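Asker: quick one, structure for this:
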Amino acid sequence: MKSVEWCSLQAISELQGYCDLVSEWEKEIESTEVCKDRKCALIDTTAIMSSYALEIAIKSFVSMDSSHAKVECTHDLLKLYDNKDMTEDTRGLLKQAGITRQFLENNRAPFIENRYSMDNNASGKLVTYRASSLRKLVQLLNDKLPEAHCIHF
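Answerer: Presented below is the predicted three-dimensional model:
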């Protein structure tokens, strides 16, 4: 499988932007003034963006543990979690945020599943992650960053 160079510093900045968007959408979804169609669109969009943010976070952890700062081009979170470069310390950090292997077994590729949720063959199941959970991952990444390396491209 193809790998790409990865910069966790840039990823953290992008993740913070996604957290802000997801947080705003969550507030709008919870508002009683939002029409049903808008609420449905926001839920779909939140599911896609929040699952992509989780993918970026896991790829950043893999990159920080790697000696070559490359990550596999995949949306399969379980495959990323099982990457030989990810350390047990990092898995412990992910566990603090509720991200375990067992959790990922149930939601291997939420970004893909959410993107195609409107297909007739899709399961119809959406997976969303709260902005507060994603912000915890951002904080854990920021805490780990000083010991990591970054390749600029």
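Asker: out of everything not next to it in sequence, what's closest to S67?
Answerer: Excluding the flanking residues, the one nearest S67 by CB to CB, 6 or more residues apart in numbering is D85, at 7.5 Å. The C-beta positions use only the backbone N, C-alpha and C, and glycine is treated the same way.
Asker: sorry, slip of the keys, the one I care about is S66.
Answerer: D85 (4.1 Å).
Asker: tell me, how many residues neighbour the one you found?
Answerer: 18 (other CB atoms under 10 Å).
Asker: over to Y18?
Answerer: Residues contacting Y18 under the criterion other CB under 10 Å number 20.
Asker: the helix ranked longest in the chain packs against which elements?
Answerer: The residue-count maximum for a helix in the chain (DSSP state H) belongs to helix 36-65. Counting contacts by 3 or more CB pairs under 8 Å, 6 or more residues apart in numbering; DSSP states H and E, helix 36-65 packs against helix 8-30, strand 70-72, helix 77-81, helix 88-96, helix 110-115, helix 131-144.
Asker: same list, those, but as CSV with mean pLDDT and distance to A47 please.
Answerer: Converted to CSV, the helices and strands packed on helix 36-65 look like this (pLDDT from 0 to 100; distance: least, CB to CB, whole Å):
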stretch, mean pLDDT, distance to A47
helix 8-30, 93, 10
strand 70-72, 83, 23
helix 77-81, 93, 14
helix 88-96, 94, 20
helix 110-115, 86, 4
helix 131-144, 93, 13
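Asker: can you redo the ones you listed as a markdown table with distance to C40?
Answerer: Formatted as a markdown table, the helices and strands packed on helix 36-65 follow (distance: least, CB to CB, whole Å):
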| stretch | distance to C40 |
| --- | --- |
| helix 8-30 | 9 |
| strand 70-72 | 33 |
| helix 77-81 | 25 |
| helix 88-96 | 31 |
| helix 110-115 | 13 |
| helix 131-144 | 19 |
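Asker: now name the helix or strand holding the residue with the largest distance to the centre of the chain.
Answerer: Ranked by distance from the centre of the chain (CA atoms, centre = their mean), the top residue is E33, with 29.2 Å. Using DSSP states H and E, E33 sits in no helix or strand.
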